[in-house]
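> Quick one: sequence and predicted model below, then my questions.
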Amino acid sequence: MGKNSRRKKSNRKNIKRNKQLKPVTIAVRKSNFVSEAGPGCFITRRSDGNDRDKSPDWMIGWEDVDPEDFGIEDDTESASVGVPDIALDPEDCTLTICNLETYFRVAYVTVFDTTVLGAHGDELTQGTTTDNDGKSMSCITFIVLCPPCVFAHLCYLVIPDGNDLSDVRIESDVSKWQRHPKPSDEHPFRIGFPLQCNGTTPGTPPKSFLCTQGEDGELTHFFSGNLHAIDFRCPVGTELLAVADGVIVEAKDKNTLTGISVTNLFEWNSILLQIQNFEEDGGDQINNVGGDGPLFVEFVHISKSRVKAGDRVKRGQVIGYSGSVGFSPEPHLHFSAFRSSDAEAPTVRVLFESCNNGKGEGINNQEINSASSTFLPRAGERYDANGIVESLAEL
């Protein structure tokens, strides 16, 4: 997910309730995530007062609850006392997210090596995950945005004869939804494209890349630390390019884990680059890029880095290779920008500068920001260094 995915682990227990589910009618929103890019991931969001979300067909349903039914008398009393984040019904074998707090919560829940059925009895398609030791497992991960005083009844678990719910391996991470403090924040500095589009041999046509998740994408891009991130589907080993002149702040490529397990949210490989303008004589750097303060960009899920902390790089220079390390349903580049290198810094929007002037490696930061054409990738569209190449079916 990137440098800002700091969340706490959750608890679960068996619980039995008489569920009286209320129908929820929520309008469809314009998605900024290509669902095919998340095999094994199932997303549900209910934002009361927000007309952008839709309940998925696979989900059992939402249940509005009264905290007083659980002995919680006022807002100051902790809802966590006696009420689990993750509840398993021992009779119906259902999996439920419980939120008795006064704020929205986000849950990532992974069920391993277990047949999972949706509301209508259809088996949900499994994904996979592999740890740093090379051990792979089939699994399903649910991503749930849950309002206050609501239970999200997700699915049914199929328990083999001779087993019970305690035999099911479930990992979860439930936390308060950390919304971006300034969703419209945009840095004026314009950057180059982060992936190598030019063919490596003469006559090879330029490559383009599908944007699978854009701003406020439903999979992982709706937190403060990921809101403005952009994901591009790309084969493992695709060359990663410095998007501007700058200095490498951090580079790590020791992990090998991949897939959709919740634990993968906390480990990844990445390169963090601080964009800087250098004096022509090679002297002092200027950190106030674009006249609006510092700017850092991060390349996440990489397979290998070609740089180390402290290295000075030029725009268009190959700095590493793409991969699928961390919480990654498929090989892709997760690219994001920040005004600070602090681990809790919110993202900032940056626009890509079209490279249709025919220039590439060696353009300095002043030259790239004198061009006229910019673009901001959206999910479902293919891009190269010049901008949009192809728009796919409506999401």
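Thanks, I have it.
> what about the stretch 251-395 of the chain, any weak spots by pLDDT?
Applying pLDDT under 70 to the stretch 251-395 of the chain flags residues 279-286, 356-372, 393-395.
> Would you state the helices of it in chain order?
365-368 (DSSP state H, counting those that start in this stretch).
> Regarding this protein, what is its longest strand?
As assigned by DSSP state E, the longest strand anywhere in the chain is strand 136-146.
> okay, which residue is most central for this protein?
Nearest to the mean C-alpha position of the chain, counting by CA atoms, centre = their mean, stands Thr220 at 2.6 Å.
> and that residue, what helix or strand is that in?
Using DSSP states H and E, Thr220 sits within no helix or strand.
> That one and Asn226 touch, don't they?
Yes: using CB atoms under 8 Å, Thr220 is in contact with Asn226, at 5.6 Å. For every residue, glycine as well, the C-beta is placed using N, CA and C.
> Next, Phe70: phi, psi?
Dihedral angles of Phe70 (phi, psi; degrees, to the nearest 10) stand at phi -110, psi 20.
> For it, which non-adjacent residue is spatially closest?
Spatial nearest neighbour of Phe70, excluding adjacent residues (CB to CB, 6 or more residues apart in numbering): Val83 at 5.6 Å.
> I'd say that neighbour and Ile97 touch.
No: counting by CB under 8 Å, Val83 does not reach Ile97; the two are 11.3 Å apart.
> For the two, indicate the residue with more neighbours.
With neighbours defined as other CB atoms under 10 Å, Val83 and Ile97 compare such that Ile97 has more, 27 against 21.
> and the closest residue to the more buried one other than its chain neighbours, how far is that from Cys146?
Excluding its sequence neighbours, the residue lying closest to Ile97 (CB to CB, 6+ apart) is Ala152, at 4.1 Å. Between Ala152 and Cys146 the distance is 5 Å, computed by CB to CB, to the nearest Å.
> Same question for Arg45.
Arg45 sits 9 Å away from Cys146, going by CB to CB.
> next one: Phe232
Using CB to CB, one gets 30 Å for the distance from Phe232 to Cys146.
> Do a quick rundown of the strands in the stretch 201-350 of the chain.
209-213, 230-233, 239-241, 246-252, 258-259, 270-275, 277-278, 285-286, 296-300, 304-305, 312-313, 318-321, 332-338 (DSSP state E, counting those that start in this stretch).
> Please produce CSV containing these, extended by distance to Glu390.
What follows is the strands of the stretch 201-350 of the chain, written out as CSV (distance: least, CB to CB, whole Å):
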stretch, distance to Glu390
strand 209-213, 9
strand 230-233, 13
strand 239-241, 21
strand 246-252, 31
strand 258-259, 28
strand 270-275, 28
strand 277-278, 34
strand 285-286, 38
strand 296-300, 24
strand 304-305, 29
strand 312-313, 30
strand 318-321, 25
strand 332-338, 17
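> For Phe112, find the nearest of those strands.
strand 258-259 (10.9 Å; CB to CB).
> re the thing from before, which positions in the longest strand of the chain come out as buried?
For strand 136-146, burial by neighbour count (16 or more other CB atoms under 10 Å) applies to 137, 139-146.
> could the residues you listed go into CSV alongside pLDDT and distance to Leu376?
CSV is the format used below for those (pLDDT from 0 to 100; distance: CB to CB, whole Å):
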residue, pLDDT, distance to Leu376
Met137, 98, 37
Cys139, 99, 33
Ile140, 99, 32
Thr141, 99, 28
Phe142, 99, 29
Ile143, 99, 24
Val144, 98, 28
Leu145, 97, 23
Cys146, 96, 29
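> Name the nearest of those relative to Phe335.
Ile143 (20.3 Å).
> packing partners for the very next helix or strand once past the longest strand of the chain?
Next along the chain after strand 136-146, taking DSSP H and E as the criterion, comes strand 150-157. For strand 150-157, the elements it packs on are strand 41-45, strand 61-64, strand 94-99, strand 105-112, strand 116-117, strand 136-146, judged by 3 or more CB pairs under 8 Å, 6 or more residues apart in numbering; DSSP states H and E.
> How far does the helix or strand following the shortest one sit from its chain's centre?
Put plainly, it is strand 116-117. Per DSSP H and E, strand 116-117 leads on to strand 127-130 as the next helix or strand towards the C-terminus. Between the centre of strand 127-130 and the centre of its host chain there is 16 Å, according to CA atoms, centre = their mean, to the nearest Å.
> Check which residues of strand 127-130 are buried.
Going by neighbour count (16+ other CB under 10 Å), the buried part of strand 127-130 is 127, 129-130.
> Identify all contacting residues around it.
With CB atoms under 8 Å, 6 or more residues apart in numbering as the test, strand 127-130 has contacts from 38-41, 110, 136-141, 256-261, 264, 329.
> Show me the shaky parts of the stretch 51-200 of the chain.
Looking along the stretch 51-200 of the chain with the criterion set at pLDDT under 70, you get 51-54, 74-81, 200.
> Buried residues, stretch 151-160. List them.
Quick answer for stretch 151-160 (16+ other CB under 10 Å): 151-157, 159.
> and the residue lying closest to Pro148 once chain neighbours are set aside, what helix or strand is that in?
The shortest distance from Pro148 to any non-neighbouring residue, by CB to CB, 6+ apart, is to Thr102 (5.2 Å). For Thr102, there is no enclosing helix or strand under DSSP H and E.
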